[in-house]
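Q: Sequence plus the predicted model coming up.
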Amino acid sequence: MDEVAYVAHLEQLIARERLLSSGNPADWANESFALAKAAWINDGGSVDEQYYEQQMKVVDERLALAGLRLAALLNEVLGHVSPQEFRH
């Protein structure tokens, strides 16, 4: 999947799952920590196709949320500036 297709995939995920930018950086870090603990494989464990597919869904959601959260933060800091205004 190229980057354009992946961005479209994430946009569809955001719409389908109705993802929102909520919480604060501490909440986001705690969410990611909990997901990382859940994904942990003990020594000797292996990554099979089911594990890979499951974790890729988590990665996709985290990237989609990161984009939403970054956009919300930039809007908060910069205000709602149009691309034309931003260039000046």
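A: Everything's here; your move. Residues are numbered from 1 along each chain as shown.

Q: Helices along the protein, start to end?
A: Taking DSSP state H as the test, the helices found in the chain are 3-17, 25-39, 49-78, 83-87.

Q: can you list the ones you listed in TSV and add mean pLDDT and mean neighbour count?
A: Heads up, the C-betas are built off the backbone N, CA and C, glycines and all. Listed next are the helices of the chain as TSV, based on pLDDT from 0 to 100; neighbours: other CB atoms under 10 Å:
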stretch	mean pLDDT	mean neighbour count
helix 3-17	96	12
helix 25-39	95	11
helix 49-78	93	13
helix 83-87	68	8
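
Q: roughly how far apart are residue 54 and residue 60?
A: To residue 60, residue 54 is 11 Å away according to CB to CB, to the nearest Å.

Q: swap in residue 19?
A: Distance from residue 19 to residue 60, by CB to CB: 10 Å.

Q: who touches both of these two?
A: Shared contacts of residue 19 and residue 60 (CB atoms under 8 Å, 6 or more residues apart in numbering): residue 13.

Q: can you give me phi and psi for residue 19?
A: Backbone torsions of residue 19, given as degrees, to the nearest 10, read phi -70, psi 140.

Q: and it, what is it in contact with?
A: 13, 61, 64, 65, 68.

Q: how about 10 Å then?
A: Neighbour list for residue 19: 10, 13, 61, 64, 65, 67, 68, 69 [criterion: CB atoms under 10 Å, 6 or more residues apart in numbering].

Q: ditto for residue 60
A: Going by CB under 10 Å, 6+ apart, the list of residues near residue 60 reads 6, 9, 10, 13, 17.

Q: again, only this time at 6 Å
A: By CB atoms under 6 Å, 6 or more residues apart in numbering, residue 60 lies in contact with residue 13.

Q: Could you export stretch 71-88 as CSV, CA atoms only?
A: Extracted in CSV, the C-alpha atoms of stretch 71-88 (Å, rounded to 0.1, in the frame of the first residue of the first chain):
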residue,chain,number,x,y,z
ALA,A,71,-4.4,18.6,14.1
ALA,A,72,-6.4,19.6,17.2
LEU,A,73,-3.3,20.9,18.9
LEU,A,74,-2.1,22.9,15.9
ASN,A,75,-5.6,24.4,15.6
GLU,A,76,-5.5,25.3,19.2
VAL,A,77,-2.1,26.9,19.0
LEU,A,78,-2.4,28.5,15.6
GLY,A,79,-6.1,29.1,15.6
HIS,A,80,-8.1,28.1,12.6
VAL,A,81,-5.9,29.5,9.9
SER,A,82,-6.5,28.8,6.3
PRO,A,83,-3.6,27.4,4.2
GLN,A,84,-3.5,30.8,2.3
GLU,A,85,-3.2,32.7,5.6
PHE,A,86,-0.6,30.3,6.9
ARG,A,87,1.7,31.0,3.9
HIS,A,88,1.9,34.7,4.7
